[in-house]
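**Student:** any chance you can model this:
(one chain, ligands or ions: 1)
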Amino acid sequence: MTNHKIIVSLADRSYPVIVGSGVSDQLQDLLPKTAKRVAIVTQENIPLKLDLEIENTTITIGNGEQHKNLQTIQLISEKFAKFGLTRSDVVIGVGGGMVTDVAGFAAASWHRGTAVIHLPTTLVGMVDAAIGGKTGVNLEQGKNLVGAFWQPTAVICDVDSLKTLPERETRCGLGEVAKYHFLTGDDLLALEMTQRIARCVQIKAEIVSADEREQGGRAVLNYGHTLAHALERSSSFALAHGEAVAIGMIFAAHLAHSMKRIDDHRLAYHYKVIRDIYRLGVEVPKTIKRTDLISFMRLDKKAINGLTFVLDGNNSIEVVSGVDEKYIDQAFDAMQVL
Ligand SMILES: NC(=O)c1ccc[n+]([C@@H]2O[C@H](COP(=O)([O-])OP(=O)(O)OC[C@H]3O[C@@H](n4cnc5c(N)ncnc54)[C@H](O)[C@@H]3O)[C@@H](O)[C@H]2O)c1
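**Tutor:** Reported below is the predicted structural model:
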């Protein structure tokens, strides 16, 4: 099977993303030449074990979004200190998006910036989280509120590690793949898995290369995410990120429809793609109240000028600020959110 190499093009911070079967054996060659030590950040149940010819330590962090917090960053940093990790060494994140977000942030803050390489082991991680340099952790008040832009020096997507991924996690990944479907119109499900991941990486790489720090175009990658983050928090993370993104895109479509940005046909197309083609859930669980969702959405990082969403419309998908709450209510009414 062919391996793919996609470059995230960012001048002197450009880096390769390798996608394929068995490609984790390329790690040794991708380590920075200055590195004398490697700190691997991972979780207990991650199947990918690394065999490195360099002094290394493994730091195992908790599983689940409730461990994506500043306490985990402190724990990792103290282990870096005990291990003697220096700024010329390297951190390696091996796991899903939770691990790579946390490992990336720990690396960004360790000695004000230490190299990091990601080996994502979930579909969410491969198509999205490990690429683009957004790192961070959650607070009680909201998702990813503390973080840094810190580009990895390489990303290795070894598709073999997906063999053990539970079906629910694969479906979560499809939530992000469906997002790329709306951003590009590409029929990504028609591609075989390795090609599909490579194409998603390429889409994300192009968007990140054009707007690394989300001052414009990169914000479209947050399609469905304003409600998704609120859903994750309101459900105490019972809803996984990818599941929440799928529902969030349906909500964004209803909101765009209420604001007359899209017509009935385009709204129906969202249901067709997300529910019928990608077979993802489209309903807000009945236990979640709209008042809670609105409070969490106000804390979204994009909400600088009032409630802010990424919305579909005649001018394609774009950021829309200062959205009147009456449209949000109409969208929630249409989705029968209490
Ligand atoms: N930085 C970004 O640009 C970005 C983009 C999208 C999502 N994210 C973040 O990513 C996180 C979600 O990532 P996720 O969906 O990968 O969840 P996750 O990292 O929590 O992983 C889901 C579960 O799968 C397990 N797992 C991982 N790989 C496995 C494998 N190969 N086999 C068996 N089990 C495995 C994990 O231990 C965990 O229990 C969220 O915190 C989200 O905010 C970040």
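**Student:** show me what counts as buried in the lengthiest strand in the chain.
**Tutor:** Ranked by residue count and defined by DSSP state E, the top strand of the chain is strand 142-149. Buried positions in strand 142-149, judged by neighbour count with 16 or more other Cβ atoms under 10 Å: Gly142, Lys143, Asn144, Gly147, Phe149. No exception for glycine: its C-beta is placed from N, CA and C like everyone else's.
**Student:** residues from the stretch 201-338 of the chain in reach of the ligand?
**Tutor:** Within reach of the ligand by Cβ under 6 Å from any ligand atom, the stretch 201-338 of the chain has these residues: His241, Gly242.
**Student:** for stretch 216-230, measure first residue to last.
**Tutor:** 22 Å (Cα to Cα, to the nearest Å).
**Student:** in that stretch, what counts as buried?
**Tutor:** Those buried within stretch 216-230 under the rule 16+ other Cβ under 10 Å are 218-230.
**Student:** now the strands for the stretch 101-250 of the chain?
**Tutor:** Ranges of strands in the stretch 101-250 of the chain, per DSSP state E, counting those that start in this stretch, are 115-120, 134-139, 142-149, 154-158.
**Student:** sheet partners, orientation included, of the last one?
**Tutor:** Think strand 154-158. Neighbouring strands of strand 154-158 in its sheet, by DSSP bridges, are strand 15-20 (parallel), strand 115-120 (parallel).
**Student:** touching the ligand at all, the first one?
**Tutor:** Meaning strand 15-20. No. Contact of strand 15-20 with the ligand (Cβ under 6 Å from any ligand atom) is absent, the minimum separation being 13.1 Å.
**Student:** list the contacts for Arg275?
**Tutor:** Ile250, Gly281, Val282 (Cβ atoms under 8 Å, 6 or more residues apart in numbering).
**Student:** try it again at 7 Å.
**Tutor:** By Cβ atoms under 7 Å, 6 or more residues apart in numbering, the contact set of Arg275 is Val282.
**Student:** and for the one 5 residues further on?
**Tutor:** Applying Cβ under 7 Å, 6+ apart to Leu280 gives the contacts Arg171, Leu174, Gly175, Ala178, Ala246, Ile274.
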